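Chemist: pasting the structure only:
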């Protein structure tokens, strides 16, 4: 166990403690700091505080960083569809039905199990033992391009690009109903649903800013094929935003109507294009994950 100590200087008063500490120590991600705060491993002047505590001049802060646990998550020889790989990053085309990282009671068959087998010990450790290498995620039933970091320097760089919204992300989706406008922008903060905690919702009181741009690619009798461009990356963002304008994604069992005439497995959503500045070379790179077979077959059905 390591104890880190900080004393707040005058110019930093008023900053949230999770932000203050993540800026002070690049080794600690903001989400990991929030976890330590919940576990009361961070003390201010001898007392535990919450993540929204704003630091004050001369505050004495101590952070108890537990020793790295050995993961009981095992590498598994699960085939990966690799779009690109070098010493710093790995881009995989995630299949439908695969969970990105393990969670309580769900420690096998995930993308993390597969990349631990493929990369051996070459994965960033910033997000802890459950999410080695994972800098962003996509839902279990969403397919497409996902970025994995093979070392901490790459992880820090790409996490910063995500924070600044400079990573290019284009999704393809099929929504219910026919969109009238050829393109549009949906803005609405996303947070936990006030009643159903398993769902996200537009939440003006406790949500985080979220912006989705959409463009119609093709219209069908009762559905529309769209491209969505994310400015922010909130949980279930496209699914919540499209539902908010009356056009939930086809097959979406959480936000849709529950009717599933095409026998789909979850929402029809594909992370198609991923572009970013390479953390080592400084050059812009862009990757395209081809549409999965189920998606192409559905488009054919809809065109008939």
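Modeler: Sure, I can see it. Not measured: the values here are computed from a predicted model.
Chemist: Residue 156 contacts residue 126, correct?
Modeler: Yes: the pair residue 156 and residue 126 qualifies as a contact (CB atoms under 8 Å) at a distance of 7.1 Å. From N, CA and C alone the C-beta is placed, and that goes for glycine too.
Chemist: ok, those two, which is more surrounded?
Modeler: Neighbour count, other CB atoms under 10 Å: between residue 156 and residue 126, residue 126 has more, with 23 against 18.
Chemist: what sits against the more buried one?
Modeler: By CB atoms under 8 Å, 6 or more residues apart in numbering, residue 126 lies in contact with 27, 29, 32, 149, 152, 155, 156, 159.
Chemist: pretty sure it belongs to a strand, no?
Modeler: No: the assignment for residue 126, made by DSSP: H, G, I helix; E, B strand; the rest coil, is coil rather than a strand.
Chemist: Begin at 5, not 1, for the rest of this chat.
Modeler: Yep, numbering from 5; the last one is residue 130 now.
Chemist: re the thing from before, for the contacts of residue 130, could you give me CSV that also reports secondary structure and pLDDT?
Modeler: Shown next, in CSV, are those (DSSP: H, G, I helix; E, B strand; the rest coil; pLDDT from 0 to 100):
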residue, secondary structure, pLDDT
31, coil, 69
33, coil, 76
36, helix, 85
153, strand, 96
156, helix, 93
159, helix, 95
160, helix, 94
163, helix, 92
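Chemist: Make a ChimeraX selection of whichever of these turn out to be buried.
Modeler: Burial among the contacts of residue 130 is assessed by 16 or more other CB atoms under 10 Å; the matching ChimeraX selection reads:
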select :33,36,153,159,160,163
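Chemist: and which of the contacts of residue 130 is nearest residue 307?
Modeler: Comparing the contacts of residue 130 against residue 307 with CB to CB places residue 153 closest, at 39.3 Å.
Chemist: Now do the helix or strand hosting residue 65, average pLDDT.
Modeler: Secondary structure assigned from DSSP states H and E places residue 65 in strand 64-69. Confidence for strand 64-69, expressed as mean pLDDT, is 93.
Chemist: who are the neighbours of it, in terms of helices and strands?
Modeler: strand 6-11, helix 21-28, helix 34-42, strand 46-48 (3 or more CB pairs under 8 Å, 6 or more residues apart in numbering; DSSP states H and E).
Chemist: So what's the gap between the second one and the chain middle?
Modeler: So that's helix 21-28. 21 Å (CA atoms, centre = their mean, to the nearest Å).
Chemist: Could you do the third one as well?
Modeler: Helix 34-42 has its C-alpha centroid displaced from the chain centroid by 17 Å (CA atoms, centre = their mean).
Chemist: what's the answer for stretch 138-148, then?
Modeler: 7 Å.
Chemist: ranges for the helices of the stretch 155-304 of the chain?
Modeler: Ranges of helices in the stretch 155-304 of the chain, per DSSP state H, counting those that start in this stretch, are 156-167, 241-248, 297-307.
Chemist: Return the distance of residue 136 relative to residue 28.
Modeler: 24 Å (CB to CB, to the nearest Å).
Chemist: can you check residue 291 too?
Modeler: From residue 291 to residue 28 the distance is 34 Å (CB to CB).
Chemist: How many residues are close by residue 306?
Modeler: Neighbours of residue 306 using other CB under 10 Å come to 18.
Chemist: Tell me if I'm right that it and residue 228 touch.
Modeler: No: applying CB under 8 Å, one finds residue 306 not in contact with residue 228, separated by 9.5 Å.
Chemist: Show me the common contact partners of these two, please.
Modeler: residue 178.
Chemist: ok so, going back, buried set for the strand holding residue 65?
Modeler: 65, 67, 69.
Chemist: So in that sheet, which strands flank it, and in what orientation?
Modeler: strand 6-11 (antiparallel), strand 46-48 (antiparallel) (DSSP bridges).
Chemist: contacting residues for residue 172?
Modeler: Residue 172 neighbours (CB under 8 Å, 6+ apart): 277, 278, 279, 280, 290.
Chemist: ok, which pair from those residues is furthest apart?
Modeler: Longest span within those, CB to CB: 277 and 280, 10.9 Å.
Chemist: These two: which has the busier surroundings?
Modeler: residue 280 (21 against 17).
Chemist: Assess the claim that that one and residue 162 are in contact.
Modeler: Yes: using CB under 8 Å, residue 280 is in contact with residue 162, at 6.4 Å.
Chemist: Would you mind listing the residues touching both of those two?
Modeler: What both residue 280 and residue 162 touch, as defined by CB under 8 Å, 6+ apart, is the set 151, 171.
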